[in-house]
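In: Based on what follows, work out the 3D shape:
(one chain, ligands or ions: 1)
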Amino acid sequence: MKILKCHCGEVEAEINIKNIEQVMRCNCSICKRKGAIMSIVKNEDFKVTKGKSKLKLYQFHSKVAKHYFCSDCGIYTHHHPRVNPAMTGFNVGCLEGIDPFEFKDITIKDGKNHPLDKK
Ligand SMILES: [Zn+2]
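Out: Presented below is the predicted three-dimensional model:
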């Protein structure tokens with residue numbers, strides 16, 4: 001179990017994961033701006049335990065993906081990706097006891113050339 005907290009602490013979530021093994025960044029229009037290192041679990045393994053009402057939803061383009069951030073401190077907490085809304089991507093920098101700068105092997109996802117945008 002890992003605990004995720006936004007910067008101000010209004011939003012908290014519990015993630016049912018033992019170790020963070022796969023981390024990624026993404027070059028799509030929103031992720032390149034956020035710059036967060038992310039990991040991913042199934043929706044049932046991610047539970048917002050505090051501050052649900054503080055979370056703000058942001059959507060753009062196809063409006064399938066759901067990007068959440070704390071409306072007080074502005075920090076990105078988690079999202080449901082367009083390719084798989086049954087998964088929750090989350091901000092590794094928000095996890096207690098994890099230093100996101102310690103990961104050496106970071107996958108770069110090519111969200112700029114999104115598979116669902118290809119005709
Ligand atoms: Zn906050």
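In: What separation is there between the residue most central in space within the chain and Y76?
Out: Centroid-nearest residue in the chain, with C-alpha atoms, centre = their mean: F90, separated by 2.5 Å. Distance, F90 to Y76, by C-beta to C-beta, to the nearest Å: 9 Å. Any C-beta I mention is one placed from the backbone N, CA and C, and that applies to glycine too.
In: Show me where this protein has its helices.
Out: Applying DSSP state H to the chain gives helices spanning 31-34.
In: Contacts for the helix or strand bottoming out on mean pLDDT in it, please.
Out: One helix or strand of the chain scores below all others by mean pLDDT, DSSP states H and E: strand 106-109, with a mean of 94. Residues outside strand 106-109 that contact it (C-beta atoms under 8 Å, 6 or more residues apart in numbering) are Q22, V23, M24, R25, C26, N27, C28, C31, I37.
In: Lovely, talk soon.
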